[in-house]
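Colleague: Just the structure for this:
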Amino acid sequence: MKVRLKCYSECDDYYKKVLDRTSLRQGSTYQVIEIQKEYYRIDGEDGVGPCLYDKRIFDIIDPSIPEGYIYQFSYEDEEHSHEDDEGFIWRNSVEDYNITPKCFAQRAFFDFYHDGREEQVAIYNEYIRELKDTKLG
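Modeller: Below is the predicted model of the structure:
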């Protein structure tokens with residue numbers, strides 16, 4: 001999937017502030033590495049590596065999902081602080097998903113990557129190398 005970062009003039013005041021905090025270039029096109037419910041993971045240009053960015057600051061250029069990506073769904077049921085008159089504790093349900101290359105489909109992959117764990121860094125670097133080779137080829 002490819003997306004284009006919106007330009008400043010295309011955003012409301014809130015998203016202008018979001019744009020101010022990113023190192024991505026306005027109007028540039030980016031390959032999406034992972035799709036989440038509200039975010040895209042994109043490999044930035046500042047050497048920070050793959051980061052999450054709010055989907056609403058992008059326009060979709062190419063909606064196709066590359067071969068080898070998988071869909072993961074998660075559902076958490078957390079206790080909420082509200083209790084009704086009969087003592088029933090209301091639950092706060094959170095649904096989430098991500099669409100990611102199979103090689104990243106392990107719990108906390110990007111947390112481990114950003115912590116500098118060798119295995120995840122090597123997996124990520126190999127994926128990016130293959131992605132760039134595919135673009136060049």
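
Colleague: okay, and for this structure, where does confidence drop off?
Modeller: Within the chain, the ranges that satisfy pLDDT under 70 run 45-48, 75-94, 135-137.

Colleague: Helices along that one, start to end?
Modeller: Along the chain, the stretches classed as helices by DSSP state H are 13-20, 109-114, 118-136.

Colleague: hey, C-alpha coordinates of the longest one in PDB?
Modeller: Output of helix 118-136 as PDB, limited to C-alpha atoms (Å, rounded to 0.1, in the frame of the first residue of the first chain):
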ATOM      1  CA  GLU A 118      19.200  -8.000  17.200                       C
ATOM      2  CA  GLU A 119      16.700 -10.600  16.000                       C
ATOM      3  CA  GLN A 120      14.000  -8.000  15.200                       C
ATOM      4  CA  VAL A 121      16.400  -5.400  13.800                       C
ATOM      5  CA  ALA A 122      17.800  -8.100  11.400                       C
ATOM      6  CA  ILE A 123      14.400  -9.200  10.300                       C
ATOM      7  CA  TYR A 124      13.300  -5.600   9.700                       C
ATOM      8  CA  ASN A 125      16.500  -4.700   7.900                       C
ATOM      9  CA  GLU A 126      16.200  -7.700   5.600                       C
ATOM     10  CA  TYR A 127      12.500  -6.900   4.800                       C
ATOM     11  CA  ILE A 128      13.500  -3.300   3.900                       C
ATOM     12  CA  ARG A 129      16.400  -4.500   1.800                       C
ATOM     13  CA  GLU A 130      14.100  -6.800  -0.100                       C
ATOM     14  CA  LEU A 131      11.500  -4.000  -0.500                       C
ATOM     15  CA  LYS A 132      14.100  -1.700  -2.000                       C
ATOM     16  CA  ASP A 133      15.500  -4.400  -4.300                       C
ATOM     17  CA  THR A 134      11.900  -5.000  -5.500                       C
ATOM     18  CA  LYS A 135      11.500  -1.300  -6.300                       C
ATOM     19  CA  LEU A 136      14.800  -1.200  -8.200                       C
END
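
Colleague: residues near residue 18, how many?
Modeller: Residue 18 has 14 neighbouring residues, counting by other C-beta atoms under 10 Å. Yep, even glycine has a C-beta here, placed from its N, CA and C like the rest.

Colleague: Out of the helices of the chain, indicate the one that is most buried.
Modeller: Counting by mean count of other C-beta atoms under 10 Å, helix 109-114 has the highest mean neighbour count of the helices of the chain, with a mean of 17.
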